[in-house]
Structure formats: structure tokens, C-alpha cells
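Asks: okay, structure incoming, though there's no sequence with it:
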């Protein structure tokens, strides 16, 4: 690619980023009419990376939409014994209502959720309950 072609491409990419800051790589390929090429989206992301490194363009700023009614609750729980500790952790990890789970130490868990009415008995074995503290 000639230098003048590359500069023209960089200008087009920069203009597109100014007009549509949230456009994904596939959208860039579609806008440039190269969406039919297999690696077009990847190539445009490489060009954007070069532009960022050379200071031709500013790096993107991520702005998240506000989530109305977001009330995240954190729970500290202790398993009564260490049997099936890994299975309890995996059950919490796979639960779609749990946003984040971490095994702190020993039998202590910390998890966060948006669902304040989460049922602890879903993550307990009848002999080894998970107790909120």
C-alpha cells in the first residue's frame, strides 16, 4: 500500500471514528465496502492500532450506558466444612444471577449479585450448607 493510500485510509478511519465512535470492526468493513473479504475487520483493527501507536488518532474512550435500578449486593458466606468446596465454588460461578464470585480463604466465599432474593439453598449440599454471615 502506497503512503498516500495509507494516509487516505487513515483519514477515512479517523472520520468514521468521529462520526460513529461505537462502530465495531465488522461495521468498519461494511462501511468501507470490504465486508466480503475474510480478514477485513482484522486488518482495519490493525490499522487502528498503528494509528494509536503513531499518535494519528486518540485511543478510544469507553462510555457505558447507565443501568437504571442497579443495586448490587455483596454476600460473604462461609461453608461449614471443606468437603465439596470446589463444587460449591463452581455452582456459584456458573449461576447466571451471580455476577462475581471469589474464594477468599479456607471456606469463605464472597459473591456479588443484582438479585437480592437469591436462595442460598441452591448452592448447598444438605449436609454442608453455605451460611451467609
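Replies: Received the coordinates, thanks. Keep in mind the model is a prediction, meaning the values are calculated, not measured.
Asks: what's the longest helix in this protein?
Replies: In terms of residue count, the longest helix belonging to the chain (DSSP state H) is helix 3-19.
Asks: buried residues in that one, which are they?
Replies: If you call a residue buried by 16 or more other CB atoms under 10 Å, then helix 3-19 has these buried ones: 9-10, 13, 16-17. Quick note: C-beta positions are derived from backbone N, CA and C, even for glycine.
Asks: give me the low-pLDDT residue ranges for the chain?
Replies: Along the chain, the parts satisfying pLDDT under 70 run over 58-64, 66-67, 69, 116-133.
Asks: okay, helices next: where are they in it?
Replies: 3-19, 25-31, 40-54, 85-94.
Asks: okay, those helices in JSON lines with distance to residue 113 next?
Replies: Output for the helices of the chain, formatted as JSON lines (distance: least, CB to CB, whole Å):
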{"stretch": "helix 3-19", "distance to residue 113": "36"}
{"stretch": "helix 25-31", "distance to residue 113": "33"}
{"stretch": "helix 40-54", "distance to residue 113": "34"}
{"stretch": "helix 85-94", "distance to residue 113": "10"}
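Asks: and residue 94, how far is that from residue 25?
Replies: Counting by CB to CB, to the nearest Å, the gap from residue 94 to residue 25 is 30 Å.
Asks: same drill for those two, tell me which one is more crowded.
Replies: With other CB atoms under 10 Å as the criterion, residue 94 and residue 25 differ in neighbour count, and residue 25 comes out ahead with 15 against 9.
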